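Novice: Give me a 3D structure for the following:
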Amino acid sequence: MKKRMLAGIAAVAILIPSAAFAASYLADDIFGSSSTIEQKGGTQEDYQEIEGMLQAAKGKLTEDEFKEYMELTKQLMVLKLKITDENGVSHEEQLTPKEQWQFEQLASKLSPYFEKINETVKP
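Specialist: Numbering: from 1, shown residues only. From the prediction side, this is the model:
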């Protein structure tokens, strides 16, 4: 009986961390992997911070809102990655006029989501 219990505890101790490691990140849906951020001057901590923000959004938005939020965020990040150099510095002048307009439209569409995600209870 003790051997079975010890084997069960050992199995759980092994499986739980590996399941957590195998879980996909929301940020992977946007960037592909943390190496994309690192190539643009970011760090693993930056990637984890983005993941935390996405998890907060998932918790505060409805399912439909979150899907829209993720799609808009993906589009915005494509533009942000295009203008960010390897030191993490943005060069917005590299965007074409059409891309600049698209960037502004995406930021405008995301604004209500940011407000909902960041809203705090007011007394």
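Novice: need the contact list for residue 36.
Specialist: For residue 36, the contacting residues are residue 81, by Cβ atoms under 8 Å, 6 or more residues apart in numbering. C-beta coordinates here come from the backbone N, C-alpha and C atoms, glycine included.
Novice: And it, how far from residue 81?
Specialist: 7 Å (Cβ to Cβ, to the nearest Å).
Novice: same thing with residue 73?
Specialist: Residue 73 sits 12 Å away from residue 81, going by Cβ to Cβ.
Novice: Show me which of the two is the more surrounded one.
Specialist: Legend: neighbour count by other Cβ atoms under 10 Å for residue 73 and residue 81, higher for residue 73 (22 against 15).
Novice: wait, that one sits on residue 109?
Specialist: No - Residue 73 is not in contact with residue 109 according to Cβ atoms under 8 Å; the separation is 10.1 Å.
Novice: wait, what's in contact with the residue lying closest to residue 94 once chain neighbours are set aside?
Specialist: Leaving out its chain neighbours, the residue that sits closest to residue 94 by Cβ to Cβ, 6 or more residues apart in numbering is residue 83, at 4.8 Å. Contact analysis of residue 83 by Cβ under 8 Å, 6+ apart lists 90-92, 94-95.
Novice: Would you confirm that residue 40 contacts residue 89?
Specialist: No - counting by Cβ under 8 Å, residue 89 is not a contact partner of residue 40; they are 9.4 Å apart.
Novice: Neighbour count: these two, which is higher?
Specialist: More neighbours surround residue 40 than the other of residue 40 and residue 89, with 20 against 10 (other Cβ under 10 Å).
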